[in-house]
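In: what's the 3D shape of this:
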Amino acid sequence: MDEALLLARIQFGLNIGFHILFPTITIGLGWLLVWFRVRYQMTGAQSWLRAYKLWVRVFALSFAMGVVSGVTMSFQFGTNWPGYMNHVGNIAGPLLAYEVLTAFFLEASFLGVMLFGMERVSDRVHVASSIIVAGGTTVSAFWILALNSWMQTPNGHVESPAGLIADSWWAVIFNPSFPYRLAHMLLASGITASFLVAGLSAWRLLAAPRDEAALGTLRLGARIAAVLVPLQILVGDLHGLNTREHQPAKIAALEAIWHTERGAALTLVGIPNERERRTDFALTIPKAASLILAHDPQAELKGLDAFEDHPPVAPVFFAFRLMVGTGVLMLLLAWGSQFWLRAPPRWLLWTFSGFTFAGWVATLSGWIVTEIGRQPWLVTGILRTADAVGPASGARLGSSLTAYVLTYTALLIAYMVTLTHMARGNSVPDPALGRR
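Out: Here you go, the predicted model:
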């Protein structure tokens, strides 16, 4: 692979991987904030007010981190991938613009009211602001997932001298994989936010076991996770069926199916050997891959030998198993913890604390499966990644990549430390409590 192409891919992957961490939190957390605010409005309980005031600050910090990394990422469309915008900009540009016009302005405008308007506007306006911000995060996910899904399963476009143009915006937006990927992402965000809330609440309870606000948010986060994780498994199954139909090469790579066969075995663990076209040290379950991916133990699954172009196997194979393994552990914790939530023991608090950012692990693993699993295509069947890369030299990309790595590492550490400090410091009485 060309050095510049490899570095451009790594740089953009790092940027979008860093960026996706924060929308994954804010989409789900926005709706949790609505619940906190409505519960305070209905009950007048100070614990719900304290929870709202803490988590709205977490939301604002996460939102700011997402905006900064998103702006940097948008510049890379032009600097690293000019061929992308030149060829499909007539479709990508409007979808990105719709996201800004219908979602980002709502979030940015009413976030200020959420943060600073509680004492300055009526309760109805403040509750409405919380709902509008949460809705804005979901609408933002709608447009971004519409574009990304179109890149996976393009539809509704025609060729023109100016590049691709939309023949039917309905078909572009509601492309074959969009409903499944949108549902998968929204559930992933809800799970990520619920474990973040439960984890930081548990961290708080380790220092202040009598904190009613933290106990309430721990219970809420664990119960939401117990509902959403099984739903995610169901949606993931439907998404897998859709991927087998529209992107069979991705399925062959993530399961390391080297040869087309009926009744394909499921490989639980192993080491893909792409040169020899086999999986070393494989632990398999006979016919289980066909059963899971086609709901028929005798179904035929296409192997990598059926495709002229297919993604690299190892990163997709390992990332998929990390995503599924993390999801299983989250399910066990969410369900198993329900027996002890009334008076959670310290071992359970430590366990939830350790799972605070588990949603990030699953989300990033899923993103690797999705994006690397599409290679060598940037837009499947239309534009190859190698044909879209810009003219920047390897040396220039290498130096900027180093700067990105250092900057993002520092920002991520600072963000995580700040969140844990905010959770532990929540014992300080809020002077605003006496004014409400």
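In: mind listing what's buried along the helix or strand where residue 139 lies?
Out: Using DSSP states H and E, residue 139 maps to helix 123-152. Buried residues in helix 123-152, defined by neighbour count with 16 or more other CB atoms under 10 Å: 126-127, 129-152. Every residue, glycine included, has its C-beta placed from N, CA and C.
In: quick one: contacts for residue 262?
Out: Counting by CB atoms under 8 Å, 6 or more residues apart in numbering, residue 262 touches 290, 298-301.
In: the same query, at a cut-off of 10 Å, please.
Out: Residue 262 is in contact with 287, 290, 296-301, counting by CB atoms under 10 Å, 6 or more residues apart in numbering.
In: relative to residue 247, how far out is it?
Out: 20 Å (CB to CB, to the nearest Å).
In: with residue 13 instead?
Out: Distance of residue 13 to residue 247, computed by CB to CB: 19 Å.
In: counting neighbours around each, name which of the two comes out higher.
Out: Set residue 13 next to residue 247 and count neighbours by other CB atoms under 10 Å: residue 247 wins out with 21 against 14.
In: point out the other helices and strands that the host helix or strand of residue 68 packs with.
Out: Per DSSP H and E: residue 68 is located in helix 46-79. Packing contacts for helix 46-79, counted by 3 or more CB pairs under 10 Å, 6 or more residues apart in numbering; DSSP states H and E, involve helix 3-43, helix 82-99, helix 105-116, helix 123-152, helix 178-207, helix 212-246, helix 394-424.
In: okay, these in JSON lines with distance to residue 316 next?
Out: Output for the helices and strands packed on helix 46-79, formatted as JSON lines (distance: least, CB to CB, whole Å):
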{"stretch": "helix 3-43", "distance to residue 316": "13"}
{"stretch": "helix 82-99", "distance to residue 316": "22"}
{"stretch": "helix 105-116", "distance to residue 316": "33"}
{"stretch": "helix 123-152", "distance to residue 316": "14"}
{"stretch": "helix 178-207", "distance to residue 316": "16"}
{"stretch": "helix 212-246", "distance to residue 316": "12"}
{"stretch": "helix 394-424", "distance to residue 316": "22"}
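In: closest one to residue 71 among these?
Out: Closest approach to residue 71 among the helices and strands packed on helix 46-79 (CB to CB): helix 3-43, 9.5 Å.
In: figure out how far that closest one is from the centre of its chain.
Out: Distance of helix 3-43 from its chain centroid, counting by CA atoms, centre = their mean, to the nearest Å, is 7 Å.
In: now do stretch 295-306
Out: Distance, stretch centre to chain centre, for stretch 295-306: 29 Å (CA atoms, centre = their mean).
In: residues in contact with that stretch?
Out: Outside stretch 295-306, the residues within contact range by CB under 10 Å, 6+ apart are 237, 240-241, 244, 248-249, 251-253, 255-265, 272, 274, 277, 286-291, 293-294, 310-311, 313.
In: among those residues, which ones are in strands?
Out: Counting by DSSP state E, the contacts of stretch 295-306 place 261-262, 272 in strands.
In: which one of the residues you listed sits closest to residue 116?
Out: Within the ones in strands among the contacts of stretch 295-306, proximity to residue 116 (CB to CB) peaks at residue 272, which comes in at 52.7 Å.
In: measure residue 49 to residue 55 for me?
Out: To residue 55, residue 49 is 11 Å away according to CB to CB.
In: any common contacting residues for those two?
Out: Counting by CB under 10 Å, 6+ apart, the residues touching both residue 49 and residue 55 are 36-37, 213.
In: the helix holding residue 139 relative to helix 212-246, how many degrees between them?
Out: Here the directions of helix 123-152 and helix 212-246 differ by 30 degrees (axes from the mean of the first three to the mean of the last three CA atoms, to 10 degrees).
In: which element follows helix 123-152 toward the C-terminus?
Out: strand 157-160.
In: so which elements touch that following strand?
Out: Judged by 3+ CB pairs under 10 Å, 6+ apart, strand 157-160 is in contact with helix 82-99, strand 163-166, helix 169-173.
In: pull out the buried residues from the shortest one.
Out: When burial is assessed from 16+ other CB under 10 Å, strand 163-166 yields the following buried residues: 164, 166.
In: which intervals of the protein have sub-threshold pLDDT?
Out: For the chain, the stretches flagged by pLDDT under 70 are 1, 393, 426-436.
In: can we see that at 50?
Out: Residues of the chain that meet the criterion pLDDT under 50 lie in 427-436.
In: distance from the chain centre to stretch 222-234, please.
Out: 15 Å.
In: repeat that for stretch 349-367.
Out: Its chain's C-alpha centre and that of stretch 349-367 lie 12 Å apart, by CA atoms, centre = their mean.
In: need the distance between the two termini of it.
Out: Using CA to CA, to the nearest Å, one end of stretch 349-367 lies 29 Å from the other.
In: all further residue positions should be reported with the first residue as 33.
Out: All right, first residue 33 from here; so that's stretch 381-399.
In: before we move on, back to that, would you reformat the contacts of residue 294 as a markdown table and include distance to residue 147, neighbour count and secondary structure?
Out: A markdown table is the format used below for the contacts of residue 294 (distance: CB to CB, whole Å; neighbours: other CB atoms under 10 Å; DSSP: H, G, I helix; E, B strand; the rest coil):
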| residue | distance to residue 147 | neighbour count | secondary structure |
| --- | --- | --- | --- |
| 319 | 55 | 17 | coil |
| 322 | 52 | 22 | helix |
| 328 | 53 | 12 | coil |
| 329 | 55 | 15 | coil |
| 330 | 58 | 11 | coil |
| 331 | 53 | 17 | coil |
| 332 | 56 | 13 | strand |
| 333 | 51 | 22 | strand |
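In: in CSV: the helices and strands packed on strand 189-192, plus distance to residue 56.
Out: Shown next, in CSV, are these (distance: least, CB to CB, whole Å):
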stretch, distance to residue 56
helix 114-131, 16
strand 195-198, 28
helix 201-205, 22
